[in-house]
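>>> Pasting a predicted model and its sequence here:
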Amino acid sequence: MARIGLDARLTHYRVGGISRYITAIISGFEDLQPAQEITLLQSRKSRRMLSARFPSARLWTPPHHRLERAALSLELWGRRFDLLHSPDFIAPYRAARRHIITVHDLSFIHYPEYITAESRRYYNGQIAASVDRADHILVDSQATRRDLIDILKAPASGITVHTLGVDAMFRPLPPEERAPVISALGLPAEYALFVGTLEPRKNLIGLAKAYRSLLLDLPDAPPLVIAGRPGWHFEQLMADLNDVGINERLLLKLDVSDEQLPALYSGALALLAPSFYEGFGLTALEAMACGTVPIVSDAASLPEIVGDVGLLIDPHDIDSIGGALLKALTDSDWRAAQSAAALQRAAGFRWIDTARCVLDCYNAVLN
């Protein structure tokens, strides 16, 4: 029986994003009941039980440490895994007979100015070697696959695209179910919504300026809600948002829990994702699963996710963002039709399919 290690250390340090990916494929593995022996590699600090089916091993090496690749290689050497899956881009030097990595995006290459110097050293300084070292690479979108081929010269035959899924909790909530959450968050009955990590790559300044311009044509427009957790350069981002001058119409929510998100999405007139770059665009998918109309950038992976649902905008064009927002807020017939299309589109994205694709890659690489 093949012995596989799945690096899940990041789940102790972060929520959402890659951590959600890790926990979702573990849940999928439990349903699929693979024949391989899969060990979940967790931080020694974690007391979280990620699975009742798969055993875990506690490791000392923290993620994103400058000596991580060497330290993790030494720590795992004695375990003799046949395959190691590194879901957070960077694989150790040699810790198993075969290695698979998941590359979620190359935003740090496209926009290095939007991340910290420490993160640039970690990702930009090691991604090429990690891609070269990997026996196979999983990516979330065709856009990231193209980036790997064009920028890092990865062989096309060594890359598999597996789209991410949407959790079952994301569904349209009727007004009576979402009302307690909306009230607890102090939100009005109508609002436009952004959800995501609060960092420059998300183009929140462009969104705020577009909303300011919208107020000239629609002075009674519903407020703009920005919900998420602080990311890179958060303090400067907040200062720049303040300079836009729409503070009284902008509702910033840094304390929204995962459990509150379905209600938040369901109550929104539209979900705005004007990012300069996204490796997938999970918030747009979650919003569609709640019947919310997506307005997203025509860049990177986002058009792949929404298909022909909602509107595509140019993230560098304030008028493009503002015009799309105006239509979403004022055309109720169009919004109703797009809501139905959003639900149909989102139904095709399932975590069980993501997990099945990961297992297929395990088998292909091992065989």
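Looks like it came in fine.
>>> List of residues touching stretch 70-81?
Residues outside stretch 70-81 that contact it (Cβ atoms under 8 Å, 6 or more residues apart in numbering): 3-5, 39, 41, 57, 59-61, 65, 84, 92-97. For the C-beta atoms, the positions are set from N, CA and C on the backbone; glycine is no exception.
>>> Can you flag the buried ones in those residues?
Using 16 or more other Cβ atoms under 10 Å as the burial test, the contacts of stretch 70-81 include R3, I4, G5, T39, L41, L59, T61, L84, P92, A95, A96 as buried.
>>> What I need now is those residues written out in JSON lines, including distance to S332, pLDDT and secondary structure for each item.
As requested, the buried ones among the contacts of stretch 70-81 are exported to JSON lines (distance: Cβ to Cβ, whole Å; pLDDT from 0 to 100; DSSP: H, G, I helix; E, B strand; the rest coil):
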{"residue": "R3", "distance to S332": "56", "pLDDT": "97", "secondary structure": "strand"}
{"residue": "I4", "distance to S332": "51", "pLDDT": "98", "secondary structure": "strand"}
{"residue": "G5", "distance to S332": "52", "pLDDT": "98", "secondary structure": "strand"}
{"residue": "T39", "distance to S332": "52", "pLDDT": "98", "secondary structure": "strand"}
{"residue": "L41", "distance to S332": "50", "pLDDT": "98", "secondary structure": "strand"}
{"residue": "L59", "distance to S332": "53", "pLDDT": "97", "secondary structure": "strand"}
{"residue": "T61", "distance to S332": "54", "pLDDT": "97", "secondary structure": "coil"}
{"residue": "L84", "distance to S332": "52", "pLDDT": "98", "secondary structure": "strand"}
{"residue": "P92", "distance to S332": "54", "pLDDT": "96", "secondary structure": "coil"}
{"residue": "A95", "distance to S332": "56", "pLDDT": "92", "secondary structure": "coil"}
{"residue": "A96", "distance to S332": "55", "pLDDT": "96", "secondary structure": "strand"}
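>>> Switch those over to TSV; also include distance to A184.
Formatted as TSV, those follow (distance: Cβ to Cβ, whole Å):
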residue	distance to A184
R3	47
I4	42
G5	41
T39	40
L41	37
L59	38
T61	40
L84	43
P92	44
A95	45
A96	46
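>>> any idea how far the residue lying closest to L198 once chain neighbours are set aside lies from I101?
Nearest non-adjacent residue to L198, counting by Cβ to Cβ, 6 or more residues apart in numbering: G228, 4.8 Å away. Distance, G228 to I101, by Cβ to Cβ, to the nearest Å: 26 Å.
>>> For these two, indicate the residue with more neighbours.
Set G228 next to I101 and count neighbours by other Cβ atoms under 10 Å: I101 wins out with 23 against 20.
>>> Could you verify my assumption that that one touches F89?
Yes. Under the criterion of Cβ atoms under 8 Å, I101 makes contact with F89 at 6.2 Å.
>>> Could you tell me which residues touch both of those two?
Counting by Cβ under 8 Å, 6+ apart, the shared contacts of I101 and F89 are S130.
>>> tell me the phi and psi of the residue nearest to L198?
phi 170, psi -180 (degrees, to the nearest 10).
>>> hang on, it packs against F194?
Yes. Using Cβ under 8 Å, G228 makes contact with F194 at a distance of 7.4 Å.
>>> for the least confident helix or strand in the chain by mean pLDDT, the distance to its chain's centre please.
Across the helices and strands of the chain, mean confidence by mean pLDDT, DSSP states H and E is lowest for helix 117-123: a mean of 91. Here helix 117-123 is found 19 Å from its chain centre; the criterion is Cα atoms, centre = their mean, to the nearest Å.
>>> try stretch 111-118
Mean-position distance between stretch 111-118 and its chain equals 18 Å (Cα atoms, centre = their mean).
>>> Pull up the distance across that stretch, start to finish.
Start and end residues of stretch 111-118 are separated by 14 Å (Cα to Cα, to the nearest Å).
>>> Can you list the buried residues in that stretch?
Buried, per 16+ other Cβ under 10 Å, within stretch 111-118: Y114, I115.
>>> got the contact list for it?
With contacts defined as Cβ under 8 Å, 6+ apart, stretch 111-118 is touched by S107, F108, R120, Y123, N124, E199, P200, R201, W232, H233, F276, Y277.
>>> show me the contacts for the closest residue to T330 other than its chain neighbours.
Among residues not flanking T330 along the chain, L218 sits closest, at 7.0 Å (Cβ to Cβ, 6+ apart). L218 is in contact with L326, L329, T330, counting by Cβ under 8 Å, 6+ apart.
>>> any weak-confidence spans in the stretch 201-350 of the chain?
The stretch 201-350 of the chain contains no residues with pLDDT under 70.
>>> For it, just list every one of the helices.
204-217, 234-244, 261-267, 282-289, 302-306, 318-330, 332-346 (DSSP state H, counting those that start in this stretch).
>>> Please name whichever of those is nearest to G186.
Smallest distance to G186 across the helices of the stretch 201-350 of the chain (Cβ to Cβ): 11.9 Å, for helix 261-267.
>>> elements contacting that closest one?
Contacting helix 261-267 under the criterion 3 or more Cβ pairs under 8 Å, 6 or more residues apart in numbering; DSSP states H and E are the following elements: helix 175-184, strand 192-195, helix 282-289.
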